[in-house]
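build me a structure from this.
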Amino acid sequence: MDTDITVALTEWAAGDKTALDRIAPAVYPLLRDLAAGMLSRERAGHTWQATALVNELFLKLIAQREPHFENRRHFYNVCAKLMRLALIDHARESHREKRGGARTPVPLHEDVAWFDAAGPEAVDLDRLLTELARLDPEQEAMFETRYLLGCSVEETAELFQTSKSAVDRKTRIARGWLYRRLTKRS
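Alright, predicted model coming up:
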């Protein structure tokens, strides 16, 4: 099945508009699970459901003029970024509507409990992840896969075809770098 997805991604990049129709049913269950995981880390009373987030993702995928994905890992990382951007846009809109209202902090992940995924620093995280991608693309991609997509260490290691210890090391370094940047500590 993974080979079919990779082939369809290549065909989509080559201009086959029907390829996304073949990709969608194969990836939808995983993307819905990932969206549910992302939403479970959002504040209580979030107005989006996992299905709505995946639908938003597919609208963004359809809008891509020149889709290019190296492999399924790259595709899922792009999907994570697009879902994260959709959640950030939604958070910005909600923040505008509720300025000054009380809110409950929502941790991104138990290993990144210091980060409030529902707070205004979500925009800063997006900017810093883009910066981290310029410094170390694999480290940034592993962080996204692990903490934004919600994959386990084992799943991340499998996607990156590396060891669990390499995933632990790279994500630990990324967490430290992000922590220092987000909390303005050196």
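
any idea which helix or strand of this protein has the worst average confidence?
Ranking every helix and strand in the chain by mean pLDDT, DSSP states H and E puts helix 72-97 at the bottom, with a mean of 74.

quick one: buried residues of the helix or strand following that one?
Helices and strands here follow DSSP states H and E; after helix 72-97, the next one along the chain is helix 121-135. By neighbour count on 16 or more other CB atoms under 10 Å, the buried set for helix 121-135 is 122, 125, 128-129, 132-133. Using the backbone N, CA and C atoms, a C-beta is placed for each residue, glycine as well.

in JSON lines, list the residues you listed along with distance to Thr171.
Shown next, in JSON lines, are those (distance: CB to CB, whole Å):
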{"residue": "Ala122", "distance to Thr171": "19"}
{"residue": "Leu125", "distance to Thr171": "14"}
{"residue": "Leu128", "distance to Thr171": "15"}
{"residue": "Leu129", "distance to Thr171": "13"}
{"residue": "Leu132", "distance to Thr171": "11"}
{"residue": "Ala133", "distance to Thr171": "14"}
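
closest one to Thr6 out of those, please.
Ala133 (22.0 Å; CB to CB).

that closest one and Arg127 touch, don't they?
No - in this structure, Ala133 is not within contact of Arg127 by CB atoms under 8 Å, at 10.8 Å.

on that earlier part again, what packs against the least confident helix or strand of the chain?
helix 2-13, helix 19-40, helix 50-63, helix 121-135, helix 153-160 (3 or more CB pairs under 8 Å, 6 or more residues apart in numbering; DSSP states H and E).

between the third one and helix 19-40, how many degrees?
Between the direction of helix 50-63 and that of helix 19-40, the angle (axes from the mean of the first three to the mean of the last three CA atoms, to 10 degrees) works out to 140 degrees.

okay, buried residues for helix 50-63 please.
Using 16+ other CB under 10 Å as the test for burial, helix 50-63 gives 50, 53-54, 56-58, 60-61.

so how far is that helix from its chain's centroid?
The chain centroid and the centroid of helix 50-63 are separated by 13 Å under CA atoms, centre = their mean, to the nearest Å.

the first one too?
Relative to its parent chain, helix 2-13 has a centroid offset of 20 Å by CA atoms, centre = their mean.

list the contacts of the residue most central in space within the chain.
Nearest to the mean C-alpha position of the chain, counting by CA atoms, centre = their mean, stands Ala80 at 2.5 Å. Applying CB atoms under 8 Å, 6 or more residues apart in numbering to Ala80 gives the contacts 34, 144-145, 148-149.
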